[in-house]
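1. Everything below, folded, please.
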Amino acid sequence: MSKQPEWITVGALADGFAADNHILPGLDDLAGKSFTLHFANGWQIEHRFEAKGLSWKMADGSAEGEAEYRATSVRPGIYLVDFLKPEDGRSLSVSLVLDIANAAFTAVIGKLPTQQESSGDLFSRALSGAELTTVKAEFFHGSLDRPYSENCCPHALTRELLGLRNQYVYSATETYEHVYLNENFYSWQCLQGVEQGLADTDRCHYYKIAEQLYLFVWREKIVPTLGLVLIDLAAGKTDGKIFGYQGADFSRASNFAVGALAYVLNKTDYR
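-> Numbers count the residues shown, from 1 in each chain. Model (predicted):
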């Protein structure tokens with residue numbers, strides 16, 4: 001009988017992904033630039049970039065801050081900017097897809113659960129009608145350096161990935177398979193690596209950014225995890241990050257970069 005695979009923390013997962021990987025190098029293209037993000041909900045937030053850090057400020061002066069960031073580009077003119085923002089003694093994940101050519105953006109704000117919030121059993125959550133995952137993600141769209149107007153942001157929910165079965169090679173030792181089931185769920189399994197033998201079906205979100213370029217976000221329920229990647233099917237490449245807790249005591253966040261070679265294995269057309 002094969003050994004029961006064991007679930008690991010996000011911090012341990014980061015260690016496994018660290019060596020000989022396909023992560024894109026961070027870019028300093030945005031250094032010295034600033035963008036005012038005009039959100040559909042009325043927010044206006046200025047972001048000023050330097051080589052290593054950024055500063056942000058609400059237009060109404062209600063909040064401001066600084067953070068280290070990572071910026072990458074899987075396709076010319078489109079940047080993924082990722083950083084952590086402290087709030088109430090915890091870390092919020094902030095990921096911005098800056099679409100320079102279309103003067104548009106999508107923002108994803110992620111929040112990990114407290115230890116108490118994640119302690120309830122899945123059966124009780126299911127019976128109460130709650131989501132099985134306690135990881136939260138909010139999605140916002142808007143325009144860059146111009147007032148927001150309807151349809152100014154071309155990024156939209158999509159069904160184009162549904163039915164695909166893809167293989168992602170993150171490093172010499174880490175390989176995963178994804179099956180995109182429907183608008184709300186996908187299945188994954190680790191074919192090789194520190195999670196080998198593990199598999200699950202989790203909540204996810206799909207946005208089309210450009211032709212054959214997708215923002216894919218997933219929220220795991222067993223080990224509290226937020227994953228976010230841009231998938232470029234034309235280039236066969238992904239880049240993004242995984243956000244969770246460093247250890248089992250929920251005391252410190254882990255936010256590490258991931259990137260993979262992407263292969264489409266097959267596609268199921270549902271009738």
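
2. Tell me what the spatially most central residue of the chain is bridged to.
-> The C-alpha lying nearest the average C-alpha coordinate of the chain belongs to L228 (Cα atoms, centre = their mean; 1.5 Å). Beta bridges link L228 to V217, K241, judged by DSSP bridges.

3. OK, contacts around it?
-> By Cβ atoms under 8 Å, 6 or more residues apart in numbering, the contact list for L228 reads 82, 93, 95, 108, 110, 215-218, 240-243. C-beta coordinates here come from the backbone N, C-alpha and C atoms, glycine included.

4. again, 6 Å this time
-> Contact partners of L228, counting by Cβ atoms under 6 Å, 6 or more residues apart in numbering, are 95, 217, 240-241.

5. Which members of those are the farthest-apart pair?
-> Across the contacts of L228, no pair lies farther apart than V217 and K241, at 10.5 Å, counting by Cβ to Cβ.

6. who's more crowded, these two?
-> Neighbour tally, V217 and K241, criterion other Cβ atoms under 10 Å: the higher count belongs to K241, 22 against 19.

7. any idea where the strands of the stretch 51-200 of the chain begin and end?
-> 53-58, 64-68, 70-75, 78-87, 90-99, 104-111, 136-144, 156-157, 164-169, 175-180, 185-192, 199-210 (DSSP state E, counting those that start in this stretch).

8. T36 is nearest to which of those strands?
-> Among those, the nearest to T36 by Cβ to Cβ is strand 136-144 (7.3 Å).

9. Can you give the strand pairings for the closest one, parallel or anti for each?
-> Here strand 136-144 is paired, per DSSP bridges, with strand 34-39 (antiparallel), strand 104-111 (antiparallel).

10. ok, the closest residue in space to T225 that isn't next to it in sequence - contacts?
-> Leaving aside its chain neighbours, T225 sits nearest to G244 (4.4 Å; criterion: Cβ to Cβ, 6 or more residues apart in numbering). G244 is in contact with 10, 224-225, 254, counting by Cβ under 6 Å, 6+ apart.

11. In those residues, find the pair that's most separated.
-> Greatest spacing in the contacts of G244, by Cβ to Cβ: P224 and S254 (10.9 Å).

12. which one of the two has more residues nearby?
-> The residue with more neighbours, out of P224 and S254, is P224; 23 against 20, by other Cβ under 10 Å.

13. Before I go, just wanted to say thanks for your time.
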